[in-house]
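Chemist: Show me how the following folds:
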Amino acid sequence: MAAQIQKGTDYHKTFGAKAYLAEFFATPEGDDEEGEFLSKILKEFHEIFNSGRLKAGSRLLDVGTGPTIYQLISASRFCAEIVCAEYTQNNRAEIEKWVKKDPDAHDWSAFFKFVADLEGDSSTW
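Modeler: Numbers count the residues shown, from 1 in each chain. Reported below is the predicted structural model:
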């Protein structure tokens with residue numbers, strides 16, 4: 001029997017953002033099931049934001065951010081403002097922990113180093 005699809009309040013109560021991050025965002029290389037998915041996505045974001053099509057100082061709206069920031073790393077060099085729109089409080093709380101440098105926040109340093117390597121500036125990591 002297939003698992004029941006979670007809706008609205010069920011999702012708010014049962015989704016474990018911290019467990020999700022630990023399982024799927026430990027490293028940019030991803031987990032065994034996903035293979036190189038994350039590293040490919042990071043490379044794509046790097047190419048998109050370094051293509052010259054985005055004006056420096058632009059504003060970015062990330063809808064459905066989830067508890068993650070990997071999708072914003074390459075954009076951060078070009079955007080004066082990044083707005084994350086996330087419905088679920090648990091996900092927003094994880095982002096807020098990172099912004100506030102909370103010791104309990106997810107460690108994104110490997111992702112920043114990966115992007116810095118793509119940008120040819122890994123010396124800062």
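Chemist: residues contacting Ile82?
Modeler: Shown in contact with Ile82 (Cβ atoms under 8 Å, 6 or more residues apart in numbering): 59-60, 62, 72, 75-76. Every residue, glycine included, has its C-beta placed from N, CA and C.
Chemist: For it, name its beta-bridge partners.
Modeler: Leu60 (DSSP bridges).
Chemist: mind checking how far it is from Lys100?
Modeler: 16 Å (Cβ to Cβ, to the nearest Å).
Chemist: do Gly66 as well
Modeler: Gly66 is 18 Å from Lys100, by Cβ to Cβ.
Chemist: Which one of those two is surrounded by more residues?
Modeler: Gly66 (22 against 8; other Cβ atoms under 10 Å).
Chemist: Can you tell me the closest non-neighbouring residue to that one?
Modeler: Asn91 (5.2 Å; Cβ to Cβ, 6 or more residues apart in numbering).
Chemist: Which other helices and strands does the helix or strand harbouring the one you found contact?
Modeler: Secondary structure from DSSP states H and E places Asn91 in helix 89-99. Helices and strands touching helix 89-99, by 3 or more Cβ pairs under 8 Å, 6 or more residues apart in numbering; DSSP states H and E, are helix 17-24.
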